[in-house]
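Enquirer: sequence first, then the predicted structure, then my questions.
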Amino acid sequence: RAKTQQRAGHFYFSRSMGIEIRERVRMMHALRTGFAQGELFVVYQPQIDLSTRRPVGAEALLRWQTPDGKFISPDRFIPIAEYSGIIIELGEWVLRTACRELVRLREQGNRNFVMSVNVSQVQFRHPLFLEMLRRALEDTQAPPEFIELEITESMAMEEPDLLIKMLWQIKQTGVSIAIDDFGTGFSSLSYLQRLQVDRLKIDRAFVTEITGSARGSSIAEMVIQLGRNLGLAVIAEGVEDERQAQILQSLGCPIAQGFLFARPMTADALSSWLSDEAMQGAA
Ligand code: C2E
Ligand code: MG
Ligand code: MG
Ligand code: MG
């Protein structure tokens with residue numbers, strides 16, 4: 001009996017895999033043509049100083065809208081872009097787009113604004129990554145000290161020596177580095193101490209937990225404390241309500257990002273949102 005179940009299970013598994021692979025291949029082609037035809041664009045989500053409630057930066061996030069009007073989530077297409085290698089071109093394009101947007105925002109008077117850009121592990125491991133980064137900075141004339149690259153904690157887990165070397169080389173360009181989705185991986189404290197990173201980004205899951213149980217804030221609290229001890233900046237992501245913002249602030253988290261403050265928006269919307277914010281600040 002166990003044997004038939006096993007066989008049935010196996011059959012079911014491989015059949016669904018077949019469908020999944022076909023779907024992946026289909027999406028890979030759609031992504032390639034979609035990118036060439038301008039279906040992809042970058043949106044920006046503001047990051048806010050919790051004590052002054054003023055914007056201090058934004059995260060660039062990739063969007064894909066197919067000709068039938070449907071949005072495909074980056075959580076779905078980024079893995080496909082990585083798997084197929086298109087992420088190399090796509091990631092370079094996002095970086096350059098975000099750099100140009102930063103330059104434009106600076107020309108409009110947003111002088112201390114920081115632009116964060118997500119970097120996939122596939123991009124990061126590419127032998128020409130550093131060259132690509134240097135060229136993007138040079139061509140766009142974006143000031144490196146106002147660019148931040150977000151890498152994920154899971155990336156920080158593999159090949160420690162390679163990562164340490166890469167981070168050191170990236171630092172030489174002047175850009176800073178944040179560890180995204182922090183708290184979801186298991187990096188040891190001693191290892192973290194060896195990494196040339198500037199900021200820890202508390203994962204949304206732990207921000208959500210803050211207002212839940214009595215122990216809900218313990219991970220967020222730990223990350224904030226860790227940042228303080230290691231001399232790293234901290235930002236919280238996925239802040240959706242005022243209570244979360246207040247608890248984070250009381251725990252000593254200086255910066256936050258989330259739907260409470262602003263949703264990701266197009267470049268033009270960000271420009272006007274920032275000038276509205278500046279007017280409110282001046283009033
Ligand atoms: P991430 O880098 O952790 O980005 C944060 C995600 O949380 C974004 O989802 C953002 O829209 C969402 N978010 C922000 N505030 C809130 C909130 O208050 N509540 C909720 N529920 N969600 C919030 P998005 O844009 O769908 O991106 C998903 C993931 O896809 C990103 O997670 C990142 O890992 C990846 N991604 C997006 N753009 C790029 C890119 O240009 N390159 C790479 N390599 N990955 C990207
Ligand atoms: Mg991110
Ligand atoms: Mg994140
Ligand atoms: Mg995330």
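Expert: Received it, and whenever you're ready, just let me know what you need. Ligands and ions are numbered 1, 2, ... in the order given.

Enquirer: give me the nearest residue to the residue nearest the centre of the chain, chain neighbours excluded.
Expert: In the chain, the C-alpha nearest the mean C-alpha coordinate belongs to Asn118, at 4.0 Å (CA atoms, centre = their mean). Using CB to CB, 6 or more residues apart in numbering and skipping the chain neighbours, the partner closest in space to Asn118 is Glu150 (4.8 Å). (C-beta placed from N, C-alpha, C; glycine too.)

Enquirer: OK, contacts around that neighbour?
Expert: Glu150 is in contact with 59, 116-119, 177-180, 201, counting by CB atoms under 8 Å, 6 or more residues apart in numbering.

Enquirer: bridged to it, which residues?
Expert: Asn118, Ala178 (DSSP bridges).

Enquirer: measure it to Ser218 for me?
Expert: For Glu150, the distance to Ser218 equals 24 Å [CB to CB, to the nearest Å].

Enquirer: likewise for Ala58?
Expert: 29 Å.

Enquirer: which non-adjacent residue is nearest Gln123?
Expert: Nearest non-adjacent residue to Gln123 (CB to CB, 6+ apart): Gly91, at 4.3 Å.

Enquirer: surely His126 meets Ile88?
Expert: Yes: the criterion here is CB atoms under 8 Å, and His126 meets it with Ile88 at 5.8 Å.

Enquirer: tell me which parts of the stretch 1-150 of the chain are close to ligand 1?
Expert: For the stretch 1-150 of the chain, the residues in contact with ligand 1 (CB under 6 Å from any ligand atom) are 45, 61-62, 73-75, 78, 91, 94, 118-120, 150.

Enquirer: what ranges does the stretch 1-150 of the chain have for its helices?
Expert: 2-36, 74-84, 87-107, 121-125, 129-140 (DSSP state H, counting those that start in this stretch).

Enquirer: so what touches the last one?
Expert: Helix 129-140 is touched from outside by 92, 95-96, 99-100, 103, 123, 126, 142, 144, 147, 166, 169-170, 173-175, with contacts defined as CB under 8 Å, 6+ apart.

Enquirer: with just CA atoms, put it into CSV.
Expert: Extracted C-alpha coordinates of helix 129-140, given in CSV (Å, rounded to 0.1, in the frame of the first residue of the first chain):
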residue,chain,number,x,y,z
PHE,A,129,29.2,43.2,-11.4
LEU,A,130,31.7,45.7,-10.0
GLU,A,131,32.5,47.0,-13.5
MET,A,132,28.8,47.3,-14.2
LEU,A,133,28.3,49.3,-11.0
ARG,A,134,31.2,51.6,-11.6
ARG,A,135,30.0,52.3,-15.2
ALA,A,136,26.5,53.0,-14.1
LEU,A,137,27.7,55.5,-11.5
GLU,A,138,30.0,57.1,-14.0
ASP,A,139,27.6,57.3,-16.9
THR,A,140,24.7,58.7,-14.8
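
Enquirer: buried ones in it?
Expert: Counting neighbours by 16 or more other CB atoms under 10 Å, one finds that the buried residues in helix 129-140 are 129, 132-134, 136-137, 140.
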